[in-house]
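K.L.:
Would you be able to build a 3D model of this:
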Amino acid sequence: MRFVDSNIFLHAFLTPFRKLTEEEQRVKDESKIIVKRIEEGEEVATTTVHLSEVVNIVESGLGLQRSLGFLSWVITKDNIKVYPITVEDYEAALPIAREKDVSANDALAYITMKTHGLTEIYSFDKHFNRLKDIVKLPPL
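P.N.:
The predicted structure follows:
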C-alpha cells in the first residue's frame with residue numbers, strides 16, 4: 001500500500017485556466033495515471049487532513065457538487081484507507097516539520113506512513129525528498 005498525497009488528486013482533477021508547461025502537463029498526466037490505478041483497485045492510504053485539503057480546493061475550483069462527489073468516491077472505495085488525524089499527531093509532526101523544513105501536513109503524511117508501515121508516497125511535492133527513509137513516486 002502507498003500513501004497518496006493531496007496534490008495527486010488535485011493535479012488529476014482540476015482544470016487549468018492557462019496552457020500548461022510541458023513539465024506541468026507531465027505532472028497532470030502522471031497524476032491521472034495514478035488516479036486511474038486507484039479507480040481500478042490499487043490500495044492506497046491518505047489522512048482526513050489530506051482528504052480535507054482536496055475537498056476544499058475542489059469545491060472552490062469546481063463547485064460543491066464535484067467536491068461532494070469526490071468525497072463520496074473516496075469514502076466508499078474499499079481500496080482507499082483514510083486514517084484519522086488527532087491533535088497528538090500534529091504534536092508529533094511539528095518537530096519533524098521544523099527539523100526537515102517541510103509543511104505540517106507533509107510531516108503528518110510522514111508520521112502516518114511510519115505508524116502504518118508505509119514506505120512509498122505518491123506525490124509531486126519535492127519536500128518529501130528531504131525525508132530519506134521513504135520513497136516518493138513517481139520519480140520525475
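K.L.:
Let me see the residues that make contact with the longest helix seen in the chain.
P.N.:
Identified as the longest helix of the chain according to DSSP state H is helix 22-39. Applying C-beta atoms under 8 Å, 6 or more residues apart in numbering, the set of residues contacting helix 22-39 from outside is 4, 7-13, 16, 20, 44, 77, 79-80, 122, 124, 138, 140. C-beta coordinates here come from the backbone N, C-alpha and C atoms, glycine included.
K.L.:
hmm, try it at 6 Å
P.N.:
With C-beta atoms under 6 Å, 6 or more residues apart in numbering as the test, helix 22-39 has contacts from 8, 11-12, 44, 122, 124, 138.
K.L.:
Number of residues surrounding Asn56?
P.N.:
12 (other C-beta atoms under 10 Å).
K.L.:
quick one on the thing from earlier: off-centre distance for the longest helix of the chain?
P.N.:
In terms of C-alpha atoms, centre = their mean, to the nearest Å, the centre of helix 22-39 is set 13 Å apart from its chain centre.
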